[in-house]
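Colleague: Got a predicted structure here, sequence first:
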Amino acid sequence: MVRPAQRRALAQQAVQTARTTIQHACATFAISETCDRYQGKHTEENAQLEDWLLRLTTAHRSWGFGLCFLYLRNVKQFTWNHKRV
């Protein structure tokens with residue numbers, strides 16, 4: 001069984017080697033065309049959040065999501081909501 005990310009990579013490889021069209025490759029590897037075109041956005045804010053979470057979880061191993069979120073929200077005054085964190 002092949003993961004979706006691997007199927008996407010296989011479809012992109014087939015298109016780049018000029019063996020097939022995007023439509024045919026997506027149908028062959030069972031992915032949608034929008035999945036093939038999607039490019040993730042990694043913003044500076046995401047990198048900052050990731051850095052804070054890594055620092056908190058290494059310093060306070062017993063803290064779960066709730067304590068990390070409350071620390072960032074109340075002590076550090078970040079306005080991120082729980083879905084973002």
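Modeller: Perfect, thanks for sending it. Just so it is clear, the model here is predicted, and its values are computed rather than measured.
Colleague: Packing partners of the helix-or-strand element of the chain with minimal mean pLDDT?
Modeller: The helix or strand with the lowest mean pLDDT-type score in the chain, counting by mean pLDDT, DSSP states H and E, is helix 33-37 (a mean of 84). Taking 3 or more Cβ pairs under 8 Å, 6 or more residues apart in numbering; DSSP states H and E as the contact definition, the neighbouring helices and strands of helix 33-37 are helix 4-16, helix 22-28. To be clear about C-beta, it is placed using only N, CA and C from the backbone, and glycine gets the same treatment.
Colleague: How far off centre is the longest one?
Modeller: Pointing back at helix 4-16 there. The gap between where helix 4-16 is centred and where its chain is centred comes out at 18 Å by Cα atoms, centre = their mean, to the nearest Å.
Colleague: coming back round to it: the helices and strands packed on helix 33-37: which one's closest to residue 45?
Modeller: Comparing the helices and strands packed on helix 33-37 by their distance to residue 45 (Cβ to Cβ), the top pick is helix 4-16, with 24.2 Å.
Colleague: So for the closest one, mean pLDDT?
Modeller: Averaged across helix 4-16, the pLDDT comes to 90.
Colleague: I'm done for today, thanks for sticking with me.
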